[in-house]
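Asks: I'd like to go over a predicted model; first the sequence, then the structure.
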Amino acid sequence: MHFFGNDVGQVLVDTGSSADIITWQFFVKMGLSEKNMTKAVYPLIGFGGKKTKAVGKEKLNITFGEGAMMRTKAITFDIMDVPYPYNAIFGHSTINKFAAAIHQPYLCIKIPIVGVVLSIYGS
């Protein structure tokens, strides 16, 4: 998976989350800056059961697969300055945008691409 041209691991797919999130540390590590970031209006709830305000929002291109077996969509992420073991969280809006099917027992996401289905396995 690629975020804004960067190979990425440690992504949590959370079917119960309504937010798509990347951490501030990951945002900086990708070489992005605050200048294109938009203001976050609403707080997020769920990090330790508290309301947490995002640093901002950023629209990034996310790509699954490579070459002919590739699918890219622009996703708007909330950027959170919290210590977290994952670089990003995909909520149900990203899952829906990619029309992805999640198979949790196999740690697999299936994403339709013209004429085929791309299978991505996690660990």
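Replies: Great, that's in hand.

Asks: specify the beta-bridge partners of the residue nearest the centre of the chain.
Replies: With distances taken as C-alpha atoms, centre = their mean, residue 90 lies nearest the centre of the chain, 4.0 Å away. Beta-bridge pairing for residue 90 (DSSP bridges): residue 13.

Asks: surely it is in contact with residue 8?
Replies: No. Between residue 90 and residue 8 there is no contact under C-beta atoms under 8 Å: 11.0 Å. (Glycine included, C-beta is placed from N, CA and C.)

Asks: so, low pLDDT: which residues of the protein?
Replies: Scanning the chain for pLDDT under 70 picks out 4, 47-48.

Asks: what does the helix or strand encompassing residue 94 rub up against?
Replies: Element membership for residue 94 (DSSP states H and E) is helix 92-97. Here helix 92-97 makes contact (C-beta atoms under 8 Å, 6 or more residues apart in numbering) with 13, 15, 16, 17, 18, 20, 62, 73, 75, 100, 102.

Asks: okay if I get those as TSV plus neighbour count and distance to residue 33?
Replies: Shown next, in TSV, are those (neighbours: other C-beta atoms under 10 Å; distance: C-beta to C-beta, whole Å):
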residue	neighbour count	distance to residue 33
13	20	27
15	11	32
16	7	31
17	18	26
18	11	27
20	22	20
62	22	19
73	14	23
75	20	19
100	20	30
102	15	33
